[in-house]
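**Q** After the sequence you'll find the predicted model.
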Amino acid sequence: MDSLILREIETQLAMDTDLLLRMLGAEQALGATPGTSRDGRVILENAKRKLRDQICADTKVHTVHKATENSRVLLVAAVLDCIAGAVTGVSPITIAVLLVKEGLETLCKEAWANGN
């Protein structure tokens, strides 16, 4: 996993829950208004209802949970992969690996040529 993503996971794991909930609320509002922890709690509870079955049935999440009791970073990464897979229908890790193997230079040729 990318070191920037790992650092972000570690940073957020160290944050106060109330701050994380406010951040979540602000994301939903697209930063237009400051988020409240109540807004974030509603978003989190909705996400839990939608994703509980996928997360709890995911063998990778369960295996990581059992094997890495002290590594919340690895557990967050496993849950992240599961959530993204639930949204897209496939594992984002596999898609990312295939994209990199095939060459981002080809995939992003136009965008990178235009300075994006």
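**A** All right, it came through fine.
**Q** what about residue 35, which SS state?
**A** coil (DSSP: H, G, I helix; E, B strand; the rest coil).
**Q** and it, how far is that from residue 42?
**A** 11 Å (C-beta to C-beta, to the nearest Å). All C-beta atoms are positioned from the backbone trio N, CA, C, and that covers glycine.
**Q** check contacts around the residue lying closest to residue 10 once chain neighbours are set aside.
**A** Leaving aside its chain neighbours, residue 10 sits nearest to residue 73 (5.9 Å; criterion: C-beta to C-beta, 6 or more residues apart in numbering). Taking C-beta atoms under 8 Å, 6 or more residues apart in numbering as the contact definition, residue 73 lies against 6, 9, 10, 13.
**Q** can I see the domain layout of the chain?
**A** If you go by automatic domain parsing, the domain ranges for the chain are 1-50, 58-116.
**Q** And the ones you listed, which one averages the lowest pLDDT?
**A** The weakest mean pLDDT among the domains of the chain belongs to domain 58-116, with a mean of 79.
**Q** and that one, how far out from the chain's middle?
**A** Distance, stretch centre to chain centre, for domain 58-116: 9 Å (C-alpha atoms, centre = their mean, to the nearest Å).
**Q** Against residue 109, how distant is residue 42?
**A** Distance of residue 42 to residue 109, given as C-beta to C-beta: 42 Å.
**Q** higher neighbour count, the two?
**A** Counted by other C-beta atoms under 10 Å, residue 42 and residue 109 do not tie: residue 42 has more neighbours, with 15 against 11.
**Q** All set now, cheers.
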